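# Need a 3D model of the following:
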Amino acid sequence: MSEDLFERHGLDAARAGGIVDDALNGSDDGELFVEHRTSESLVFDDGRLKSAAFDVSDGFGLRAVAGEAVAVAHASDVSEGALRRAADAVSIVGRGREGNVDVAPQGTNRRLYGDIDPIAAPAFADKAALLATMDAYARAKDPRVRQVSISLNAERQIVNILRAGGQRLDDIRPLVRFTVSVMVADGDRRETGSYGAGGREPYARFIADGTWQAAVDEALRRALVNLDAAPAPAGTFDVVLGPGWPGILLHEAVGHGLEGDFNRRKTSAFAGLMGERVASPGVTVVDDGTHPDRRGSLSIDDEGTPSHETVLIEDGRLVGYMQDRQNARLMGMVPTGNGRRQSYAHTIMPRMTNTIMRGGNADPEEIRAGVKDGLYMVSFGGGQVDITSGKFVFSSTEAYRLRDGKICEPVRGAMLIGNGPDALTRITAVGNDMALDHGIGTCGKQGQWVPVGVGQPTIRINAMTVGGTET
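Numbers count the residues shown, from 1 in each chain. Next up is the predicted model:
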C-alpha cells in the first residue's frame, strides 16, 4: 500500500466514498483520482548550473462518464468542501439516467516499483557537482567541443484511486531521466549529438562511474559523426532501421492509430480493419506496460486497470487496440490498462505505454547485406504524423549510406517520408536483435504528455521515400 493521501489531507475516506457514489449516480463509470507529486530538475549549460527547480503538488480529479459524455472537475485543494463542489459539477452527466455501470477493475498485488524516492539521493549539492564534472570531462575529450548541456530530472508520483462502491487502488511511480547534449565545431560548421537514459528507478545506475562517462562519450561520438556527414540524398531507397530508439517511428506512425478512441470515432487509418492483414508476415507489435523499471510501465493505469501486454498486430494481422474503460465499453471490447492522464488536472485517454515490435529470425548483418543502395538509419528526432491518413515525416539524427550491404559515409538531413499502414506492408526483414530504448520517450496527445517507451529489432523497409539535402 502506498501512502494514504486521504489521511495526508485529513479527508475521511468513507465520507469521500459517499460523495463519489452520489456524484457517479446514473453514470456508467468514473473515479476519484488523488495525486501527490514531487519533482526536481537541474540543468547545467554554458559551464554553469543554469537552472534548478523543486516542486511539490497535490490535487484530485473527479470524473464521471455517461455514454460518450465525460465530465471532469479538479482542484489542488484536497478537502471535503472542494470534493463536494467537484461532485456537483460532474453529477450532471448522470442525472436522470440509469447507468450501465462497468465492472470494476480487477485488483492486483503486482507492484512494479517499491517505495522509491529518486529525489532523495544523491544530495542536491552532489548532483550539481557531478554535472560540473561531466561538463569538464566532455570538454577535455575533444578540442572541437563548444557547448555542453546536461540535465537531471526526477519525480515521485503517489496515486490513490477511489471508485464507486468504495473500491480503492493505489500506486507509487518513480521516474528519472538523464540527458547530455554536446555541440562541436570545425570552422563555421557546427553539429550536435545527444544521448539520454532513464526509467522508473533511482538515479544510481545512470550516474555511476563509468556509466555517465559512456553517456558523454556517446553524445560526443554522435556529434562528431554529424560533423563529418555528407548531405543526405533524396529519392526512393530501401531503408534499414536500427534496433531500439528507431521504434519511435513505430510509436508515432502506427501506435497512435491503434489507440481505441481514434478507431471508435473512425478517424484512424486502421479503423474497421480488425482481423485484416495490415503488415507484412512476421511483423508482430505489442504494447506492454509490464516491463519492470521501463519509462512507460505502470502497475495500474490511471483508472485502476492492471497493466497488460496487449498484442496489436500479430504476424501482420490487426488483432487489438489499446483501450481505456470508456472506449472499450463503447466498442464492446475489454480495457487493456492504457487509460492514462498527465496529472490529476487532466482527463483520461487511451495512451501507449511501451510499444514494441517483436524480434524475428533475420541476422542484422544479413538484413543490411541485402541492400545494394540505400540508407541505414540509427536514430530519429522529431516528426509529424496525420492519424487519419497515416502519413508521416521523420527526421533522422544519425544515418549512413548503404552500398552493396556495407555501411558507408554518414549523411545528415535525411527525412523519412511515408504512410504508416503502407510502411508496415513494405517490411521485408525483421531482425533477431530486438532492443528497448534507453528511457527518454515522452508522448504528446491533445495537449497531454506522458512517459513512454519504444522498442524494435533491426528491420528493412523497401522503397521508402527519403527527403534529403544533397544538391
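# Check the secondary structure at the residue of the chain positioned farthest from its centre for me.
Most distant from the centre of the chain: Gly96, at 39.3 Å, with distances by C-alpha atoms, centre = their mean. Three-state call for Gly96 (DSSP: H, G, I helix; E, B strand; the rest coil): coil.
# For it, list the residues it contacts.
Gly26 (C-beta atoms under 8 Å, 6 or more residues apart in numbering). All C-beta atoms are positioned from the backbone trio N, CA, C, and that covers glycine.
# Need phi/psi at it.
phi 80, psi 10 (degrees, to the nearest 10).
# what's the answer for Asp209, then?
phi -60, psi 140.
# before we move on, what about Leu83?
Taking degrees, to the nearest 10, you get phi -70, psi -40 for the backbone angles of Leu83.
# Assumed Thr133 was part of a helix.
Yes: under three-state DSSP, Thr133 sits within a helix.
# which ones are touching it?
For Thr133, the contact set (C-beta under 8 Å, 6+ apart) is empty.
# Next: Gly359.
Gly359 sits next to Val430, Gly431, Asn432, Asp433, Met434, Pro457 when contact means C-beta under 8 Å, 6+ apart.
# From Glu191, how far out is the residue farthest from the centre of the chain?
Going from Gly96 to Glu191 by C-beta to C-beta, to the nearest Å gives 63 Å.
# Among the contacts of Gly359, which pair sits farthest apart?
Among the contacts of Gly359, the pair separated by the greatest distance (C-beta to C-beta) is Val430 and Asp433, at 9.9 Å.
# what about these two, which has more around it?
The neighbour count for Val430 versus Asp433, taken as other C-beta atoms under 10 Å, is higher for Val430 (24 against 17).
# which SSE is that one in?
Per DSSP states H and E, Val430 falls inside strand 427-430.
# Export that strand to CSV, keeping only CA atoms.
The C-alpha coordinates for strand 427-430 follow below in CSV (Å, rounded to 0.1, in the frame of the first residue of the first chain):
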residue,chain,number,x,y,z
ILE,A,427,8.8,-4.5,-44.2
THR,A,428,10.8,-7.3,-45.8
ALA,A,429,13.1,-8.4,-42.9
VAL,A,430,12.8,-8.4,-39.1
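# Direction included, what does that strand pair up with?
strand 459-467 (antiparallel) (DSSP bridges).
# For Gly374, give me its contacts.
Per C-beta under 8 Å, 6+ apart, neighbours of Gly374: Phe237, Asp238, Val239, Val240, Arg401, Leu402.
# Any idea what the closest residue to the first one other than its chain neighbours is bridged to?
Closest residue in space to Phe237, ignoring its immediate chain neighbours: Gly374 at 4.5 Å, by C-beta to C-beta, 6 or more residues apart in numbering. Applying DSSP bridges to Gly374 gives these bridge partners: Asp238, Leu402.
# just curious, which of the contacts of Gly374 is nearest to Gly59?
Nearest to Gly59 among the contacts of Gly374: Val239, at 45.4 Å, using C-beta to C-beta.
# Spit out the contact partners of that closest one.
Counting by C-beta under 8 Å, 6+ apart, Val239 touches Gly374, Leu375, Tyr376, Met377, Leu416, Arg460, Ile461, Met464, Val466.
# how about the closest residue to Leu162 other than its chain neighbours, what does it touch?
Excluding the flanking residues, the one nearest Leu162 by C-beta to C-beta, 6+ apart is Leu32, at 4.3 Å. Contact analysis of Leu32 by C-beta under 8 Å, 6+ apart lists Ala16, Val20, Phe60, Gly61, Leu62, Leu83, Ile161, Leu162, Arg163.
# rewinding a little: nearest to Gly444 among the contacts of Gly374?
Nearest to Gly444 among these is Val239, at 25.3 Å by C-beta to C-beta.
# how close does the closest one get to Ala463?
The gap separating Val239 from Ala463 is 9 Å, by C-beta to C-beta.
# need the helices for the stretch 151-300 of the chain, in chain order.
Secondary structure of the stretch 151-300 of the chain by DSSP state H, counting those that start in this stretch: the helices cover 204-207, 211-227, 247-250, 260-264.
# Relative to Glu3, which of these is closest?
Among those, the nearest to Glu3 by C-beta to C-beta is helix 204-207 (22.8 Å).
# List the buried residues in that closest one.
For helix 204-207, the neighbour count (16 or more other C-beta atoms under 10 Å) marks Phe206, Ile207 as buried.
# Stretch 382-390 now?
Of all the residues in stretch 382-390, those buried under the rule 16+ other C-beta under 10 Å are Gly383, Val385, Ile387, Gly390.
# picking that back up, between Val430 and Asp433, what contacts are shared?
Common contact partners of Val430 and Asp433 (C-beta under 8 Å, 6+ apart): Gly359, Pro457.
# List the residues that contact Gly260.
Gly260 makes contact with Tyr321, Met322, Gln323, Asp324, Asn327, Ala328, Met331, Met333, Asn338, Pro350, according to C-beta under 8 Å, 6+ apart.
# What's the local residue count around the third one?
To tie it back to what came earlier, the one meant is Gln323. 27.
# Wait, Glu470 touches Ala234, no?
Yes: Glu470 lies in contact with Ala234 (C-beta atoms under 8 Å); the separation is 6.3 Å.
# the more surrounded of the two?
Applying other C-beta under 10 Å to Glu470 and Ala234 shows that Ala234 carries more neighbours, namely 17 against 13.
# tell me, how many neighbours does the residue nearest to Ile427 when sequence neighbours are not counted end up with?
Using C-beta to C-beta, 6+ apart and skipping residues adjacent in sequence, the residue nearest Ile427 is Ser280, 4.5 Å away. Residues lying near Ser280 (other C-beta under 10 Å) number 19.
# Let me know the pLDDT of Ser280.
If you check Ser280, the pLDDT there is 96.
# give the contact list for it.
The contact partners of Ser280, by C-beta under 8 Å, 6+ apart, come to Gly316, Leu424, Thr425, Arg426, Ile427, Thr428.
# Now tabulate those in JSON lines and tack on neighbour count and distance to Thr133.
Formatted as JSON lines, these follow (neighbours: other C-beta atoms under 10 Å; distance: C-beta to C-beta, whole Å):
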{"residue": "Gly316", "neighbour count": "18", "distance to Thr133": "50"}
{"residue": "Leu424", "neighbour count": "25", "distance to Thr133": "45"}
{"residue": "Thr425", "neighbour count": "16", "distance to Thr133": "49"}
{"residue": "Arg426", "neighbour count": "18", "distance to Thr133": "46"}
{"residue": "Ile427", "neighbour count": "20", "distance to Thr133": "44"}
{"residue": "Thr428", "neighbour count": "16", "distance to Thr133": "46"}
